[in-house]
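Engineer: Kindly return the folded structure for what I paste below:
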Amino acid sequence: MSTIWKRKIDLERLNATSKNTLIDHLNIIYSAVGDDYIEATMPVCHFTHQPLGMLHGGASVVLAETLGSVAANFCVEEDAYCVGLDINANHVRSMRTGQVIGRATPIHLGVSTQVWQINITDERERLVCTSRLTIAVKKKKNDKQTIKANQNGH
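Structural biologist: Purely as a prediction, here's the structure:
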């Protein structure tokens, strides 16, 4: 099987991009990279709970969008970058403790759009949330902000 990645991708690089971001704040840790997927974990605890003491759906969406958006940016050449256009999520199981594992896999890798499927499971591999993320693929301009975003893998 050939890889979908067009840029160097590894766990050390992925986790380094999270420093001082929402990803870092929610303690999302990239945990696996395969030929056509990336995975990350997120704790289910007080800072990812909603007021009833369960995993907040918004936290699941942050995990899903993080995985899909970051993966998308590693699937384009250096002269392009990716941004989210639309995300939906179906929350199918509640959780109060432990950790969730998200896995992003591509459904479509086009020139101008990408579509990613992100499944979030519990530690027993039961589905907690399923999400679909649509990405816009943009061409870079030669400005400092875009160059900095590229250096960070976003």
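
Engineer: average pLDDT across stretch 109-122?
Structural biologist: Mean per-residue pLDDT for stretch 109-122: 98.

Engineer: now stretch 70-84
Structural biologist: For stretch 70-84, mean pLDDT rounds to 97.

Engineer: how about the most centrally placed residue in the chain, what does it touch?
Structural biologist: Geometric centre of the chain, nearest residue: L67, 1.0 Å, by C-alpha atoms, centre = their mean. By C-beta atoms under 8 Å, 6 or more residues apart in numbering, the contact list for L67 reads 38-40, 102-104, 116, 118. Just so you know, the C-beta spots here come from the backbone N, C-alpha and C atoms, and that holds for glycine as well.

Engineer: where do the helices sit along the chain?
Structural biologist: Ranges of helices in the chain, per DSSP state H, are 11-16, 22-25, 57-73, 144-151.

Engineer: Give me the contact list for the shortest one.
Structural biologist: Residues outside helix 22-25 that contact it (C-beta under 8 Å, 6+ apart) are 17-18, 47, 62, 66.

Engineer: where's the residue nearest to the centre of the chain relative to L52, distance?
Structural biologist: Per C-beta to C-beta, to the nearest Å, L67 is found 25 Å from L52.

Engineer: still on that earlier bit, just name the closest of the contacts of helix 22-25 to N142, please.
Structural biologist: Taking C-beta to C-beta as the measure, T17 is the one of the contacts of helix 22-25 closest to N142, at 21.9 Å.

Engineer: wait, the closest one sits on N73?
Structural biologist: No: contact status for T17 versus N73: not in contact, 9.4 Å apart, counting by C-beta atoms under 8 Å.

Engineer: If you count surrounding residues, which of these two has more?
Structural biologist: Taking other C-beta atoms under 10 Å, T17 and N73 do not tie; N73 has more neighbours (24 against 17).

Engineer: Would you pull up how far stretch 88-108 lies from the middle of the chain?
Structural biologist: 11 Å (C-alpha atoms, centre = their mean, to the nearest Å).

Engineer: Show me which parts of it are buried, residue by residue.
Structural biologist: 89, 91, 95, 99-106 (16 or more other C-beta atoms under 10 Å).
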